[in-house]
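Undergrad: Fold the following for me, if possible:
(2 chains, ligands or ions: 2)
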Amino acid sequence: MSVLIFLDQAEGYIRKSSFEAACYGSKIAAQLGVPAETLVIGTVSDDLSSLGQYGINTVHTIYENSLTQTDGQVYTQVIAELAKNINATVVVLSNNMLGKTIAPNLSVLLKAGLVSGAIDLPETNNGFVVKKNVFGGKAFAHVGITTPLKIITLNPNSFPITKMDATAIVKPFVATITPSKVKVVSTKKVEGEVSLSEAEIVISGGRGLKGPENWGLVTDLAKVLGAATACSRPVSDINWRPHHEHVGQTGLAIAPNLYFAIGISGAIQHLAGVNRSKTIVVINKDPEAPFFKSADYGIVGDAFEIMPKITEAVKKLKNK
Amino acid sequence: MKILVCISKTPDTTAKVTFTANNTKFAEEGVQWIINPYDEWYALVRAIELKESGIVSAIHLITVGIADCDPIIRKALALGGDEAIRINVNSQDSFYIASQIAAVAKEGNYDLVLTGKETIDYNGSAIGGMVAALLEWPFISHATQLVLENSQATLVKEIEGGEQTDQVQLPIVVSCQKGMAEQRIPNMKGIMGARTKPLTVREPVAADSFTSFVHFDLPAVKAGVKLVSADHPEELVRLLHEEAKVI
Ligand SMILES: Cc1cc2nc3c(=O)[nH]c(=O)nc-3n(C[C@H](O)[C@H](O)[C@H](O)COP(=O)(O)OP(=O)(O)OC[C@H]3O[C@@H](n4cnc5c(N)ncnc54)[C@H](O)[C@@H]3O)c2cc1C
Ligand SMILES: Nc1ncnc2c1ncn2[C@@H]1O[C@H](COP(=O)(O)O)[C@@H](O)[C@H]1O
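TA: Ligands and ions are numbered 1, 2, ... in the order given. Below you'll find the model as predicted:
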């Protein structure tokens, strides 16, 4: 028996959310007293034996031309075959776009119960119960998986990356690959340097910023902090900002260490996408803005005056 | 061409979330129910647009749920579904629900099954992918555009950090999100017409459940906001650095 963790990559590097999944999966393996094994599809520049640092015992690798196209259904077949081969008892994936396409598929193929969006280690003393966010972060559910094989997808930014001194064995894996039924016509990168779902700091603007020409107030601070940028729904609806920046109930749900909201009222649907952030800062000229109730720090005042000063102060801090 | 749209019922986005029965049940009293926004705004409305453009001949709706789903099914019919099927069972298990939907999809000879990207209450993001796997059809998730031409679909979908354009032969399952269509409001004619559209209630097929909700809890209440004077924004930066240690 073992825990199998699928690690996905971005342009040749294992994603941060996958390292989190590796740490999470290896902790589950320790809890169950079984080895932690991972699968990496395609070539990566990372030194795979160093995945031992995250508690991984074995890294299975597979390179095939037919796998260069990322197809959730094809990948699912490969993961399922490996899971059977190594007699996996738990399969862990990141709850990112790819994980969300693979996990349900895998659940059907392996007849394995799935909990998506886990935020903590499972309780394994009495059954197998996984904690996840529900109602857009307004509550947690503890969900029991009743099948022998379990699948968990881990929310990005929910589990710490910790390291130890160890190396992993790297082993090539050969799988039967079913050809993809999907023809990829094109792919386009739309995000900036920092991925919004993985970002540790997110600077976000709302309708209070009055127009796209004022977004320097958001992007200047984001730049000095190496942060990702986000926005409220009306802002992307009226095309001040691109759609992929929209966070909230109908947009992306994120959980950065710092969420910095400028000119956003804090409507309940907006909060649903950001209330898992560890620290929330609100800049709003209205002292009654509902966002202050969910904030850790706040300034009541005009963002146009305050933001340049904050950006300056951060620059000073960074230059120290 | 026939489309099956999966419609689920969720609490209104402003609903207060509390639990009863020793924190094992969502407290439904006084809760307003709506069509899950992804199912309504994106999946259903895109299906309606495809029908209006003459490519699609019929839109059927499917809901797995008990009679309290009927009002939201009627609303979906008022928006433009042609007929609805309700599978009369209350379940929170994604595999069980997906098995019900897959059984209907198989029997009804649909060319396309549309779901929302996730339900806003249990946030499973699972059912579309499971239905596709059960039917052994291709699955396109997080789609923001869908165009049909003969038996070929061209779709744009969100991928990590970007987007991808795919081409695939029908039948397929697609999970829909923002970008697919614009929100619509049912008109009087639609509302009147919906009353007489067929809503068939069927009993579930036998299927397994893989998961069960054990209990719920609520996040710890925040300590309260620490306000910094607008005259000293640099103090906020100091607090974020020294106290919260996030920058
Ligand atoms: C079903 C449903 C789903 C939804 N999903 C989402 C979602 O996913 N994400 C989302 O964001 N919204 C969502 N909404 C919309 C949501 O209800 C709010 O309407 C929206 O979040 C408001 O955006 P806002 O805060 O940018 O704008 P507003 O509510 O207009 O707030 C602007 C704020 O800026 C402040 N302000 C103005 N000028 C200044 C200044 N000079 N300096 C500082 N502050 C200033 C104002 O005091 C105000 O608080 C949804 C709504 C529904 C019904
Ligand atoms: N009970 C249900 N009946 C019909 N469709 C459903 C049901 N639950 C979920 N769905 C569909 O599956 C999508 C994804 O749901 P979930 O996997 O639960 O997040 C939803 O957006 C709906 O389109």
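
Undergrad: Parallel or antiparallel, which strands does the lowest-mean-pLDDT helix or strand in chain A pair with?
TA: When each helix and strand of chain A is scored by mean pLDDT, DSSP states H and E, strand A:9-10 comes last, with a mean of 90. Applying DSSP bridges, strand A:9-10 is found paired with strand A:13-14 (antiparallel).

Undergrad: next helix or strand past the strand it pairs with?
TA: helix A:16-32 (DSSP states H and E).

Undergrad: any idea of the mean pLDDT for the next helix or strand after that following helix?
TA: Going down the chain from helix A:16-32, the next helix or strand is strand A:36-41, by DSSP H and E. Averaging the model's pLDDT scores along strand A:36-41 yields 98.

Undergrad: for strand A:36-41, packing partners?
TA: Contact partners of strand A:36-41 among helices and strands, from 3 or more CB pairs under 8 Å, 6 or more residues apart in numbering or on different chains; DSSP states H and E: strand A:2-7, helix A:16-32, strand A:58-62, helix A:72-85. Heads up, the C-betas are built off the backbone N, CA and C, glycines and all.

Undergrad: Note down every partner strand of the helix or strand just after the last one and its orientation.
TA: It stands for helix A:72-85. On the C-terminal side of helix A:72-85, the closest following helix or strand by DSSP H and E is strand A:88-94. Note on strand A:88-94: by DSSP bridges, its sheet partners are strand A:2-7 (parallel), strand A:150-154 (parallel).

Undergrad: a markdown table for those, including distance to ligand 1 and mean pLDDT?
TA: Shown next, in a markdown table, are the strands paired with strand A:88-94 (distance: least, CB to the nearest ligand atom, whole Å; pLDDT from 0 to 100):
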| stretch | distance to ligand 1 | mean pLDDT |
| --- | --- | --- |
| strand A:2-7 | 28 | 98 |
| strand A:150-154 | 21 | 98 |
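
Undergrad: which ones are touching residue 35?
TA: Unless you meant another one, I'm taking chain A. Contact analysis of A:Pro35 by CB atoms under 8 Å, 6 or more residues apart in numbering or on different chains lists A:2-3, A:29, A:57-58.

Undergrad: that's the other chain; I wanted chain B
TA: B:7-10, B:44, B:72, B:75-76 are the contacts of B:Ile35 under CB under 8 Å, 6+ apart.

Undergrad: now, which of those residues lie within strands?
TA: The strands, defined by DSSP state E, take in B:9-10 from those.

Undergrad: re the thing from before, neighbour-wise, which one of the contacts of A:Pro35 leads?
TA: Within these, most neighbours by other CB atoms under 10 Å in any protein chain shown means A:Val3, with 29 neighbours.

Undergrad: Chain B: helices as residue ranges?
TA: B:37, B:45-52, B:70-79, B:94-107, B:127-135, B:188-194, B:233-242 (DSSP state H).

Undergrad: Averaging pLDDT over each of these, report the lowest-scoring one.
TA: helix B:188-194 (a mean of 92).

Undergrad: Do me a favour and get the end-to-end distance for stretch A:275-288?
TA: 18 Å (CA to CA, to the nearest Å).

Undergrad: gap between the residue sitting nearest the centre point of chain B and A:Gly72?
TA: Nearest to the mean C-alpha position of chain B, counting by CA atoms, centre = their mean, stands B:Gly116 at 3.3 Å. Applying CB to CB, to the nearest Å, the value for B:Gly116 to A:Gly72 is 18 Å.

Undergrad: Also A:Val185?
TA: A:Val185 sits 17 Å away from A:Gly72, going by CB to CB.

Undergrad: Those two: which has the busier surroundings?
TA: Using other CB under 10 Å as the criterion, A:Val185 and A:Gly72 rank with A:Gly72 on top: 25 against 12.

Undergrad: so who does A:Ala253 touch?
TA: With contact set as CB under 8 Å, 6+ apart, A:Ala253 has these partners: A:133, A:136-137, A:247, A:272-274, A:276, B:123.

Undergrad: now the helices for the stretch 51-200 of chain A?
TA: Assigned helices in the stretch 51-200 of chain A, in chain order: A:72-85, A:97-110 (criterion: DSSP state H, counting those that start in this stretch).

Undergrad: buried set for the first one?
TA: Yep, that's helix A:72-85 we're talking about. Of all the residues in helix A:72-85, those buried under the rule 16 or more other CB atoms under 10 Å in any protein chain shown are A:72-83.

Undergrad: Looking at those, spot the one nearest B:Thr165.
TA: A:Gly72 (15.7 Å; CB to CB).

Undergrad: Would you check that the closest one makes contact with A:Asn105?
TA: Yes: at 6.4 Å, A:Gly72 counts as touching A:Asn105 under the criterion of CB atoms under 8 Å.

Undergrad: who touches both of the two?
TA: Shared contacts of A:Gly72 and A:Asn105, defined by CB under 8 Å, 6+ apart, comprise B:129, B:139.

Undergrad: Grab the nearest non-local neighbour of B:Ser209.
TA: What sits nearest to B:Ser209 in space, not counting adjacent residues and going by CB to CB, 6 or more residues apart in numbering or on different chains, is B:Asp93, at 3.9 Å.

Undergrad: Just the pLDDT at the one you found, thanks.
TA: 97.

Undergrad: What residues are bridge-paired with the nearest residue to A:Ile86 once chain neighbours are set aside?
TA: Nearest non-adjacent residue to A:Ile86, counting by CB to CB, 6+ apart: A:Ser2, 5.3 Å away. Beta bridges link A:Ser2 to A:Ala88, judged by DSSP bridges.

Undergrad: In this structure A:Ser2 contacts A:Thr89, no?
TA: Yes: applying CB under 8 Å, one finds A:Ser2 in contact with A:Thr89, separated by 6.9 Å.

Undergrad: quick one: buried residues of stretch B:210-220?
TA: So, applying 16+ other CB under 10 Å, buried residues of stretch B:210-220: B:210-211, B:213-216.

Undergrad: could you dump the residues you listed to CSV with distance to ligand 2 and pLDDT?
TA: Formatted as CSV, those follow (distance: CB to the nearest ligand atom, whole Å; pLDDT from 0 to 100):
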residue, distance to ligand 2, pLDDT
B:Phe210, 13, 98
B:Thr211, 11, 98
B:Phe213, 12, 95
B:Val214, 18, 96
B:His215, 19, 97
B:Phe216, 16, 97
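
Undergrad: can you redo those as TSV with distance to B:His60?
TA: Putting those into TSV (distance: CB to CB, whole Å) gives the following:
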residue	distance to B:His60
B:Phe210	27
B:Thr211	28
B:Phe213	29
B:Val214	35
B:His215	36
B:Phe216	33
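
Undergrad: from the residues you listed, which are also near chain A?
TA: Among the buried residues of stretch B:210-220, proximity to chain A is found for B:210-211, B:213-216 (CB under 8 Å from any CB of the partner chain).

Undergrad: contacting residues for residue 141?
TA: With no chain named, the answer covers chain A. A:Ala141 is in contact with A:131-134, B:122, B:213, B:215-216, counting by CB under 8 Å, 6+ apart.

Undergrad: oops, I was thinking of chain B
TA: Contact analysis of B:Ser141 by CB under 8 Å, 6+ apart lists A:72, A:97, A:100-101, B:117, B:128-129, B:157, B:174-175.

Undergrad: and if we set it to 6 Å?
TA: Listed by CB atoms under 6 Å, 6 or more residues apart in numbering or on different chains, the contact partners of B:Ser141 are A:101, B:175.

Undergrad: in the sheet, who's paired with A:Gln9?
TA: Beta-bridge pairing for A:Gln9 (DSSP bridges): A:Ile14.

Undergrad: I'd like to know which elements the lowest-mean-pLDDT helix or strand in chain B is packed against.
TA: Here the helix or strand of chain B ranked lowest by mean pLDDT, DSSP H and E is helix B:188-194, holding a mean of 92. Applying 3 or more CB pairs under 6 Å, 6 or more residues apart in numbering or on different chains; DSSP states H and E, we find helix B:188-194 packed against helix B:70-79.
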